[in-house]
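Student: no sequence on this one, just coordinates:
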């Protein structure tokens, strides 16, 4: 009991029982559900996003948010200033003219220097304190299969009901108070009552401090104690050494360890070359690596036995240096099996990297790995030396 209390003190939010979570896969599913929740809002809407770009998807959300505001719903939008760079001025003005509260995290400044690197990468839609959505998606056309059936980004979002919604509420409120210039009206926090037939879960967060990463701490703890499988999907794979070591150790003790990573399609192909430097040792220790072939896979999902962590955080050292992140954790056997089925579907659509084939890869690929790896190492060292200088004073 004492050890359990000590472990919980390392996290901002406790494990809460009685949550129900639903996995929504690809834009036609999660955009539809999110827009339906906005259409049904009665009191308030919180929307916190990194990637927001003008286009057809943004137009749908803007129309729905303005309609909610016209019904008297309080609407608060917090967008990252860099990730929303391509949200056109006319869209911003349209939202504000309708009475929507719109704020931007860490506005870029010519004199900002390294401070401009600190970003809010969290993804959250919360409606009336009743339902929250989180995952890896952004408000952009890239996630909509109807707009580009051949190249849309593969992604999932989690719909959450239950006590953890109150923690997502508190997380948004704290960031809004730190970064928004306008105050928020008094909104009663959601009740944290457990739902019948719900499951234990926790909101895990990461701030601008490597040592504070609850998400990574959870990854390592669950990998260390899992008994059957560790499956990780991530859009950007530049993992900290502790995560690489944990994955290798799990594979060596007979755990089914698999990585689902982008293949030839990515918005950041250089990151693929940086991450592939780690393949050889991982493969040697028994980790299986799959590169997804049809499109860009943008998912951020960790599955350890029946424990899931889904949210904004990639297995990427850049995340843990510069970004605000948040994941929903849940232990739900039925949900775990449905997510495992999605993994299996994606493994089928992937190329498995075999150790022998990898050792015979071309010199051109080796050269790209070396070049991008050295460049990444340089910037990571530069970032380490600059920690704490000009850093936003924002703790999760």
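Tutor: Nice, thanks for sending it over. This one's a predicted model, so the numbers in the text were calculated from it and none came from an experiment.
Student: Which residue would you name as the spatial centre of this protein?
Tutor: Closest to where the C-alpha atoms of the chain average out (Cα atoms, centre = their mean) is residue 312, at 0.9 Å.
Student: okay but that residue is in contact with residue 328, surely?
Tutor: No. Counting by Cβ atoms under 8 Å, residue 312 does not reach residue 328; the two are 9.9 Å apart. Every residue, glycine included, has its C-beta placed from N, CA and C.
Student: Mind listing the shared neighbours of those two?
Tutor: residue 134 (Cβ atoms under 8 Å, 6 or more residues apart in numbering).
Student: Next up, the contacts around the residue nearest to the centre of the chain.
Tutor: Each residue near residue 312 by Cβ under 8 Å, 6+ apart is listed here: 50, 121, 122, 123, 134, 135, 136, 300, 323, 325, 326, 327.
Student: Using a markdown table, lay out the residues you listed together with distance to residue 11, neighbour count and secondary structure.
Tutor: Output for the contacts of residue 312, formatted as a markdown table (distance: Cβ to Cβ, whole Å; neighbours: other Cβ atoms under 10 Å; DSSP: H, G, I helix; E, B strand; the rest coil):
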| residue | distance to residue 11 | neighbour count | secondary structure |
| --- | --- | --- | --- |
| 50 | 23 | 23 | coil |
| 121 | 19 | 27 | coil |
| 122 | 16 | 27 | coil |
| 123 | 20 | 23 | coil |
| 134 | 16 | 26 | strand |
| 135 | 20 | 26 | strand |
| 136 | 21 | 28 | coil |
| 300 | 19 | 29 | strand |
| 323 | 18 | 22 | strand |
| 325 | 14 | 27 | strand |
| 326 | 12 | 29 | strand |
| 327 | 12 | 28 | strand |
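Student: Out of those, which one has the weakest pLDDT?
Tutor: Note: of the contacts of residue 312, the lowest pLDDT belongs to residue 323, at 92.
Student: So in terms of bridging, what pairs with that residue?
Tutor: For residue 323, the beta-bridge partners under DSSP bridges are residue 119.
Student: thinking again about what came up before, what's the farthest-apart pair in the contacts of residue 312?
Tutor: Pairwise distances across the contacts of residue 312 peak at 15.4 Å for 135 and 323 (criterion: Cβ to Cβ).
Student: and the end-to-end length of stretch 121-128?
Tutor: This stretch, stretch 121-128, spans 23 Å end to end (Cα to Cα, to the nearest Å).
Student: again with stretch 356-372
Tutor: 23 Å.
Student: what pLDDT, on average, does it get?
Tutor: 79.
Student: what does that stretch rub up against?
Tutor: Residues from elsewhere that reach stretch 356-372, judged by Cβ under 8 Å, 6+ apart: 270, 271, 273, 274, 276, 277, 279, 280, 283.
Student: Give the full set of residues in contact with the nearest residue to residue 76 once chain neighbours are set aside.
Tutor: Closest residue in space to residue 76, ignoring its immediate chain neighbours: residue 101 at 4.7 Å, by Cβ to Cβ, 6 or more residues apart in numbering. Residue 101 makes contact with 74, 75, 76, 77, 180, 182, 184, according to Cβ under 8 Å, 6+ apart.
Student: Good, we can wrap up now.
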